[in-house]
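Trainee: here you go, sequence then predicted model.
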Amino acid sequence: MNLSSILLTIINKLDGERTIYAGFHLLRGKRSGQTLQDVEYYGLKPFFGLLPKLRIVTFDEAANRLIELGYIATSDDSLVTVTEKGRLELSILPSYRFYGWDYRGREMIFYGRLTLTVQTMSNIRAGKKSFMPIQKDMNIQTFVKKLLYELPIKNPLFSRQVGEELTIGIIRSEMSDLQKVIFTHRLAGYGLSGWTWDQLAESLKLNPFTIRLMFIESLHMLLTVIESSTDLQLLQKMAADIKVSSYLTESSTKTKRLFDQGMSIEEIATARQLKVSTIEDHFVEMSINNTDFPLQMFVSEEETIAVIAKMNELGTKRLRLLKDEFKSLTYFQLRLILGARTGEGA
């Protein structure tokens, strides 16, 4: 697993309909109308917000490697496609178990809570009431203090519960043996600090960035197990508010609230002092994420059926090509149709 292989998977899903930098915005979790549409249109939820702090230079290195290997090619209009050689490489790549759409980098907050809890328990068992916390984030420190305040942290049986829950969660998550090593070596305890990425890289003979990706995937796998398990109560408390509760952006939520009150797009734009095009972006986001979005307020069922049929016939979701086929429909209407019939509203 490396950034280049993940990028190759993303480019393959984009199917020659976007530039390579669509992948950059996707991995960083950019909440623009275009990126949010791409997530739904092309089935890219696993990779959204996977690397919120990804640097453009790191991304370019991964992209250039794909070009050098002959796995991707760029057209005259800068659209990127996977070559035949690239498709052969894709056929041997393992499947990924990322859930970026649900966690968007917040899995690191969960791990911060977990490692500080483990460190605290370890020091208490060793008779140390004062120690230097491995986590400097004050929000994480405050969360763990509140979590442990009313729990029997001095009871050896409680320490055993923490260990048992974590062991059960790791087993159920089906992490690879390598991921288990990375996961556990990052934890801190009494007299022990978690291994750095470079230390792990040197020991495992792997690229530090590859190790980070494997670590993120293992956290996603564990979090999905915690969410669905009834016997991992302490871990569930640590995972509180980690999964995204609303897939709408904050601004789109405000627009939806006004729309639900009966206001038109133009009235909402005036009330919020925003451009109509911005409000339309919010409506597209609503059509993607809300199963009860009233699509037929904007376009007829017959037009919707015709657009979806043409999209399937042409094998494309490119708006410009669909607009050529449906000149009577606006780009906004086409975006709503694609959003409602290819997203969560489908």
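Mentor: The structure has been received and is ready for your questions. Residues are numbered from 1 along each chain as shown.
Trainee: could you chop this protein up by domain?
Mentor: Domain segmentation of the chain under automatic domain parsing yields 3-96, 107-238, 250-342.
Trainee: dump the ones you listed to CSV, plus mean neighbour count.
Mentor: Every residue, glycine included, has its C-beta placed from N, CA and C. CSV is the format used below for the domains of the chain (neighbours: other CB atoms under 10 Å):
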stretch, mean neighbour count
domain 3-96, 18
domain 107-238, 16
domain 250-342, 16
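Trainee: so which of these gets nearest V244?
Mentor: domain 3-96 (9.0 Å; CB to CB).
Trainee: after the longest helix seen in the chain, which helix or strand is next?
Mentor: When the chain is parsed with DSSP state H, its longest helix is helix 208-228. Counting by DSSP states H and E, the element after helix 208-228 in chain order, helix or strand, is helix 233-238.
Trainee: who touches that following helix?
Mentor: The contact list for helix 233-238 (CB atoms under 8 Å, 6 or more residues apart in numbering) reads 110, 113-114, 117, 147, 161-162, 165-166, 169, 226-227, 229.
Trainee: kindly reformat those as TSV containing secondary structure and pLDDT.
Mentor: Compiled in TSV, these are given as follows (DSSP: H, G, I helix; E, B strand; the rest coil; pLDDT from 0 to 100):
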residue	secondary structure	pLDDT
F110	helix	96
R113	helix	95
L114	helix	94
T117	helix	90
L147	helix	90
Q161	helix	85
V162	helix	85
E165	helix	92
L166	helix	92
G169	helix	95
I226	helix	95
E227	helix	93
S229	coil	91
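Trainee: as TSV, those with distance to R87 would be great.
Mentor: Below are the contacts of helix 233-238 laid out as TSV (distance: CB to CB, whole Å):
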residue	distance to R87
F110	36
R113	41
L114	39
T117	45
L147	48
Q161	49
V162	46
E165	43
L166	40
G169	36
I226	36
E227	35
S229	38
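Trainee: and the longest helix of the chain, how far from the chain's centre?
Mentor: The chain centre lies 11 Å from the centre of helix 208-228; the measure is CA atoms, centre = their mean, to the nearest Å.
Trainee: next one: stretch 229-240
Mentor: 21 Å.
Trainee: use 39 as the first number for this chain going forward.
Mentor: Sure thing, new numbering starts at 39, so read that last one as stretch 267-278.
Trainee: okay, which residue of this structure is out on the far edge from center?
Mentor: The outermost residue of the chain relative to its centre, with distances by CA atoms, centre = their mean, is G165 at 40.1 Å.
Trainee: could you pull out the helices for the stretch 89-238 of the chain?
Mentor: 94-106, 122-130, 138-141, 145-163, 176-187, 194-211, 215-223, 235-242 (DSSP state H, counting those that start in this stretch).
Trainee: how about the stretch 239-384 of the chain?
Mentor: Listed in chain order (using DSSP H, counting those that start in this stretch), the helices of the stretch 239-384 of the chain are 246-266, 271-276, 288-298, 303-310, 314-327, 339-352, 357-363, 369-380.
Trainee: quick check: F247 vs Q72, distance?
Mentor: The gap separating F247 from Q72 is 26 Å, by CB to CB, to the nearest Å.
Trainee: what of F297?
Mentor: F297 is 21 Å from Q72, by CB to CB.
Trainee: can you check S214 too?
Mentor: S214 is 35 Å from Q72, by CB to CB.
Trainee: show me the contacts for the most centrally placed residue in the chain.
Mentor: By CA atoms, centre = their mean, the mean C-alpha position of the chain lies nearest to G138, the distance being 1.6 Å. By CB under 8 Å, 6+ apart, the residues touching G138 are 67, 83-88, 258.
Trainee: closest to F336 out of those?
Mentor: K83 (24.7 Å).
Trainee: quick one: contacts for that closest one?
Mentor: 77, 137-139.
Trainee: same thing with K167?
Mentor: Contacts of K167 by CB under 8 Å, 6+ apart are N161.
Trainee: A226 and P246: what is the separation?
Mentor: In terms of CB to CB, A226 sits 19 Å off from P246.
Trainee: again, but for E106
Mentor: Distance of E106 to P246, given as CB to CB: 21 Å.
Trainee: isn't H223 up against L238?
Mentor: Yes: H223 is within contact range of L238, at 6.2 Å (criterion: CB atoms under 8 Å).
Trainee: ok, which of the helices of the stretch 89-238 of the chain comes nearest I317?
Mentor: Comparing the helices of the stretch 89-238 of the chain under CB to CB, the one sitting nearest is helix 138-141, at 23.6 Å.
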